[in-house]
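Engineer: One predicted model, sequence on top.
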Amino acid sequence: MKVLLIEDSPEIVNTLSLTFKLHWPEATLASTDKGAEGIKMVETESPDIVILDINLPDMSGFKVLEDIREEVIDKVRGLETGADDYITKPFDPLDFLARVKAVLRRTGIYYPEDEELPPLVAGNLTINFFTRKVLLGDQQVHLTPTEYKVLHCLARNEGRIVTQETLRRRVWGSARYVDASALKKYIYQLRTKLGDTSRPPRIILSERGVGYKFVKPK
């Protein structure tokens, strides 16, 4: 899991970093105390979750949020602007952690049951559901959050067809706003990154007009 902290208090950055590392040892954390830099880092780092302070030295956190979300103010304003949750300072780290888990669960990034699952091995591909690490041999495969969610949905249903509608609903929250061509693009990107480019593919199979299936190569 990739975490981006946009916060100008070193003490809070240290507290949050420790909180994440204690619960998610494999988490990758990046931080900045500038809103403008944070906006750039969202693009370059592709974080799974952003922790954003509303009081930054160079610009309003609300403006940062608007720029990050590209959407159209206290607690209510933050939520209306597109934030997934809001917490006031000072805060209890356990309360903060519970809220982070809730946001990740709602967005399909964190699944509590994944903590108990063993890694899935398919040929030279290994998926660690707990750490969200994907390896080809001993090399880590860097997936975007959306690519990982597509892979997660398919791999957790290994050997079973997942319909296009189910994939769109589980990954994007709705089947209405993502068409088949957009989903096909993500499948293509996944196959490319996983080295599954043979004809026919060996790991992510297409079921024409229905959906996709994750299988272990023979």
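Structural biologist: It's in. Because the structure is a prediction, the values reported are computed rather than measured.
Engineer: Give the helix, strand or coil label for S198.
Structural biologist: coil (DSSP: H, G, I helix; E, B strand; the rest coil).
Engineer: tally of neighbours for it?
Structural biologist: 10 (other CB atoms under 10 Å). (C-beta placed from N, C-alpha, C; glycine too.)
Engineer: Can you check the pLDDT for V150?
Structural biologist: Note on V150: pLDDT of 91.
Engineer: Name the residues that touch the strand or helix carrying it?
Structural biologist: In this structure, V150 sits in helix 145-155 according to DSSP states H and E. Applying CB atoms under 8 Å, 6 or more residues apart in numbering, the contact partners of helix 145-155 are 2, 46-48, 108-109, 111, 120, 122, 127, 129, 132, 134, 143, 162, 166-167, 170-171, 183, 186-187, 189-190, 193-194, 204, 212-214.
Engineer: which among these end up buried?
Structural biologist: Buried members of the contacts of helix 145-155, counted by 16 or more other CB atoms under 10 Å: 2, 47-48, 108-109, 120, 122, 127, 129, 132, 134, 143, 162, 167, 170-171, 183, 186-187, 190, 193-194, 204, 212-214.
Engineer: Neighbours of the residue nearest to S9 when sequence neighbours are not counted, how many?
Structural biologist: In space, and not counting its chain neighbours, S9 is closest to D53: 7.4 Å by CB to CB, 6 or more residues apart in numbering. Neighbours of D53 under the rule other CB under 10 Å: 19.
Engineer: Inside strands: which ones of the buried ones among the contacts of helix 145-155?
Structural biologist: K2, L120, A122, I127, V134, V162, I204, Y212, K213, F214 (DSSP state E).
Engineer: nearest to F96, of those?
Structural biologist: For these, the residue nearest F96 by CB to CB is K2; the value is 17.7 Å.
Engineer: quick one: the closest one and D48 touch, right?
Structural biologist: Yes - contact criterion CB atoms under 8 Å: K2 and D48 qualify, at 5.1 Å.
Engineer: Can you identify each of the helices in this structure by residue range?
Structural biologist: 10-23, 35-45, 61-69, 75-81, 93-106, 145-155, 164-172, 180-193 (DSSP state H).
Engineer: which of these sits most buried?
Structural biologist: Ranked by mean neighbour count under mean count of other CB atoms under 10 Å, those are led by helix 145-155, which reaches a mean of 21.
Engineer: Can you give me the domain boundaries for this protein?
Structural biologist: 2-110, 117-214 (automatic domain parsing).
Engineer: Compare those domains and say which comes out lowest on pLDDT.
Structural biologist: Mean pLDDT values for the domains of the chain show the minimum at domain 2-110, a mean of 74.
Engineer: List the single closest residue to Q164 in space, sequence neighbours excluded.
Structural biologist: Distance criterion CB to CB, 6+ apart; nearest residue to Q164, sequence neighbours excluded, is G211 at 4.9 Å.
Engineer: and the gap between the residue nearest to Y186 when sequence neighbours are not counted and K184?
Structural biologist: Among residues not flanking Y186 along the chain, V150 sits closest, at 5.2 Å (CB to CB, 6+ apart). For V150, the distance to K184 equals 11 Å [CB to CB, to the nearest Å].
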